[in-house]
Structures are given as C-alpha cells and as structure tokens.
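Novice: need a 3D model of the sequence below.
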Amino acid sequence: MTIRASAAPLSVASLSVAFLAVAVLCSACTHAGGLTPGRLVPGELAQTDQEFADGSHYRVFPFQGHAGDTVTAQLTSNDFDANLILTDAHGNHLAEDDDGGGDCNARLTYVLPATGSYRLYANSSARAELGAFKIELERGNDGEPADSTCRGFGRVRGLLQIGETISDSLTADDPMLANDSTYFHRWILPVIAGRPITVDLSSTDFDPYLMLARGRERVTGNDDGGPGCDARLVFTPEDARPVRVVVNTSSRPIHQTGRYTLHVSDGRSTVDSSADCLGLPMHRIRAGEEQRGTLSAADFLMTQDTTYAQVWALDGRAGDTVTVDLRSNAFDAFLMMAGPGFPKLLQDDDGGGSCNARLTVALPRTGSYQLLVNTVEPRATGPFRLAVKPGTPPAASPPACDR
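Specialist: Numbers count the residues shown, from 1 in each chain. All right, here's what the predicted structure looks like:
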C-alpha cells in the first residue's frame, strides 16, 4: 500500500510558461497519427501519455496546412474538460481554446500564417484527467462558437490509484458545490472493467461524504457506510472509463473543513447501513482514559430540547465490553452512544448515580463509536468528566438524583 500527501496544482498564470517549456523540448514528438481535414479521429488520454508541468496529459496530432487557409479544430470528450492547443512545427504557441465547443468541449478557428507543418495538442483543462476523446480538423469556419458553459468538470486535486492511501485537507480555499455549503476535492481514479473496488473516506475533523462520478454524470454517493461517521462506497465498473472520486462533507454544519484520509482497496467490503453517526464535530477518547471537558454555548445546540452537546469518538473492537461514565457537578448528565451495529441510539440519564450517566455496552463490531455528552436541563453548561473503562462494573444500587 502506498501512502502519500497531495501536492497543490500550479497556478493558472504558470500554464503558458509550462506549455512553452514542454513544447520546445517536444520538437520531434508525435503521440498519435496525423490529422486529415474532414476525418474524425478517436483517441484516449492515458497515464502513459506525456504531461505538461501542470500535471495535465496530452497527445499531439500533426497536420499540413497552406498559407491563408482557415482551419477549425474540435476536441470533444465525455470523460474530461477538453483543452485544445495549436502550435507550429517548432512548438510555438498559436492558439488555444477550452470551452468554445460548448458543454466543456474545445473548438478553435485559425488562419494559418504559412505553408508547412502544424500540431494540435489534445489536452485536458485540469491535471491528472484521463479518458476517451475525439478530435477533428475542418477547412474553413463551420459556424459560430457554441455556448461556452461548462458544468460537471473543474479543478482536480490529483490522481488516485487502487491500493493507495492519500492524506489531505479540505480548506476554505477549495471549490464549493453549487447551491451547497460544502467544500470538495476531485480525484481521478483509473479502474478496470468488472473489477470491484472499495473507496473509504475518513476524518475526525468533519463528517465525510463521498461521491463517485463518471464524466458529467454522478454515479453514486455515501455518507456513513464506513465505521462511525466515515463514508464507504463499493463500485464495480462496467468499463474502463476513469472514475472521479469526490471528497465532500455532510451539509450540516455548514462549511466543514479539516484533515481526511482517502483509501481505495481492491475488492468488495461491507457497507454499514445502520444509523451509527451523530454527524457532529468530534473529540477523541480511548478505552482506559478519563477526559475532562466543558459544555458551553459554543457547543452544538440540540434544537428539539435546546440542550448543548459534544461528541467524543471511541475506537473499539468487536466483542469488547466497555463502561462509559459521564459525571458533572454542574449539570444533570445525559449520555448517548451510537456506533456500527447498533440498531438505535443508546442512552442513559442517572445510571451512574447522583445525577451522573453510565452505559455498559458489549461492542458488536470493530470500528469508531460516538459518545454524546449532553444534559437533562435546557442550555445547561459547565465542566464534566468522561471516562471509558474496560469490562462491567460491580453490581450496585446507584444513589438517586436529587436535582
């Protein structure tokens, strides 16, 4: 398994310099057959194709032209946002287009300055993009440019491989989904037809949401299919078209950011369909630990009963029994617990005696569990102690709550 951190893409201002540097070095390179006017040529951007400095792949198509000829070139793809570049035989940049063909396709029209050889570069607008395309060259201008609106593509974080684990972070500088309040990253994942894969997205900073898309079409999504609040998708591709893995967050609370881990494994894994996620920002506690905390007005407000709440994450193993105690002298403690394998939310008010809460639970599965520190009284705040001990406590009659 490979683990790596992501690299930030180059700025738009550096793209023309990056292109010139590659084009000059590529004075004799041709990655595909020549173009003949009126002939539609299929192709594919693959991982083995050369890259510009911004990480985008390209293929080169040479053609012959005469001085004064008007030529129109089109590059279309359902797998990536097409970008088309025209140069002379020496790699000198003459023209370029991104979305002039409409629907994220490229189209350019140019009057050739001299008789000789020219090149068209079939390229993508974002780094790491892969997939099938069609390129065509025509003499003359075949009409007005199409609507340049482009939807479904955009910024790509990088390339993801089966068996790889990536650690990265969502920030307020990342793109936001249209009509949503969530940030996202796109990753390109090459796949093999008929070979199932499992994609896992985990985070202790936000509630992960995971989507898969192919080209412009969303294929599927998942919120809590992994352990705890983590997301998991199992997908078997019908063909070898690359998949777009979209790292996202749940929509509430809004504008979630933070660190995440993205992993793709070979084969099928179990997707947890139980309601095991509370969907709130989390602290962490381990078995055998006692943690001190404070409930305040800055914590999550439960709208149904106007009580404040904090979530603490606990990693557990299937078959282990743990006792969770929530104690406070400032408020009447109320404790809830969710996790993989629980058919419903577990809860306790005074099981720990003297207005303290206690839950003793045999963990049904290995994974991440959530402990909800809460109160009985509306808007109660103050310090508390949360402890997780292995095993079952001795039987005893807890003192009554006098509040």
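
Novice: D79: neighbour count?
Specialist: A count of nearby residues for D79, using other Cβ atoms under 10 Å, gives 21. C-beta coordinates here come from the backbone N, C-alpha and C atoms, glycine included.

Novice: that one contacts A126, doesn't it?
Specialist: No: the criterion here is Cβ atoms under 8 Å, and D79 misses it with A126 at 11.7 Å.

Novice: for the stretch 251-400 of the chain, which spans come out with low pLDDT?
Specialist: 273-281, 396 (pLDDT under 70).

Novice: where do the strands sit along it?
Specialist: 258-266, 282-284, 290-295, 300-302, 307-316, 321-327, 333-338, 346-348, 357-362, 367-375, 382-390 (DSSP state E, counting those that start in this stretch).

Novice: would you mind giving those strands as TSV with mean neighbour count and distance to L40 added?
Specialist: Shown next, in TSV, are the strands of the stretch 251-400 of the chain (neighbours: other Cβ atoms under 10 Å; distance: least, Cβ to Cβ, whole Å):
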stretch	mean neighbour count	distance to L40
strand 258-266	18	34
strand 282-284	16	54
strand 290-295	15	65
strand 300-302	16	57
strand 307-316	20	55
strand 321-327	20	65
strand 333-338	23	55
strand 346-348	17	62
strand 357-362	18	64
strand 367-375	23	52
strand 382-390	17	65
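
Novice: ok, and the closest non-adjacent residue to G293?
Specialist: Of all residues not flanking G293 in the chain, F384 sits nearest, at 5.6 Å (Cβ to Cβ, 6 or more residues apart in numbering).

Novice: in the sheet, who's paired with the spatially closest residue to A313 that is not a sequence neighbour?
Specialist: Of all residues not flanking A313 in the chain, M282 sits nearest, at 4.5 Å (Cβ to Cβ, 6+ apart). Counting by DSSP bridges, M282 forms beta bridges with V311.

Novice: what of F334?
Specialist: N374.

Novice: is it correct that it is in contact with A380?
Specialist: No: look at F334 against A380 with Cβ under 8 Å: they stay out of range, at 9.5 Å.

Novice: still on that earlier bit, tell me the spacing between the residue nearest to A313 and F206.
Specialist: To F206, M282 is 9 Å away according to Cβ to Cβ, to the nearest Å.

Novice: can you map out the helices along this protein?
Specialist: 15-25 (DSSP state H).

Novice: and the residue nearest to A380 when sequence neighbours are not counted, what does it touch?
Specialist: Spatially, and ignoring its direct neighbours in sequence, A380 is nearest to F331 (3.8 Å; Cβ to Cβ, 6+ apart). When contacts are counted by Cβ atoms under 8 Å, 6 or more residues apart in numbering, F331 is found next to 295, 375-377, 380-382, 384.

Novice: for S368, see how far away the residue nearest to A313 is.
Specialist: For M282, the distance to S368 - Cβ to Cβ - is 9 Å.

Novice: ok, now V71?
Specialist: If you go by Cβ to Cβ, the gap between V71 and S368 works out to 59 Å.

Novice: try Y110
Specialist: 57 Å.

Novice: how about T171?
Specialist: 24 Å.

Novice: D320 is in contact with P390, isn't it?
Specialist: Yes: taking contacts as Cβ under 8 Å, D320 lies within contact range of P390: 6.9 Å.

Novice: the spatially closest residue to R292 that is not a sequence neighbour: what's it in contact with?
Specialist: Closest residue to R292 apart from its sequence neighbours, by Cβ to Cβ, 6+ apart: R385 at 5.5 Å. Applying Cβ under 8 Å, 6+ apart to R385 gives the contacts 290-293, 325-328.

Novice: now those as CSV including distance to V245?
Specialist: As requested, the contacts of R385 are exported to CSV (distance: Cβ to Cβ, whole Å):
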residue, distance to V245
E290, 39
Q291, 34
R292, 39
G293, 35
D325, 40
L326, 38
R327, 43
S328, 43
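
Novice: closest one of those residues to G226?
Specialist: Q291 (24.4 Å; Cβ to Cβ).

Novice: distance of the closest one relative to A387?
Specialist: From Q291 over to A387 (counting by Cβ to Cβ), the distance is 8 Å.

Novice: can you give me the strands in the stretch 1-150 of the chain?
Specialist: Here the stretch 1-150 of the chain has its strands, by DSSP E, counting those that start in this stretch, at 2-5, 40-45, 58-65, 70-76, 82-88, 93-97, 106-111, 116-124, 131-139.

Novice: averaging pLDDT over each of those strands, which comes out lowest?
Specialist: Note on the strands of the stretch 1-150 of the chain: lowest mean pLDDT is at strand 2-5, with a mean of 50.

Novice: what is in contact with M282 and S368 at once?
Specialist: Joint contacts of M282 and S368 (Cβ under 8 Å, 6+ apart) are 229, 313.

Novice: before we move on, back to that, and for F334 and A380, which residues touch both?
Specialist: With Cβ under 8 Å, 6+ apart, F334 and A380 have common neighbours T307.

Novice: any chance of a markdown table for the strands of the stretch 1-150 of the chain, columns distance to T306 and mean neighbour count?
Specialist: Formatted as a markdown table, these follow (distance: least, Cβ to Cβ, whole Å; neighbours: other Cβ atoms under 10 Å):
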| stretch | distance to T306 | mean neighbour count |
| --- | --- | --- |
| strand 2-5 | 42 | 10 |
| strand 40-45 | 55 | 16 |
| strand 58-65 | 58 | 18 |
| strand 70-76 | 56 | 21 |
| strand 82-88 | 53 | 23 |
| strand 93-97 | 57 | 17 |
| strand 106-111 | 55 | 20 |
| strand 116-124 | 51 | 23 |
| strand 131-139 | 51 | 19 |
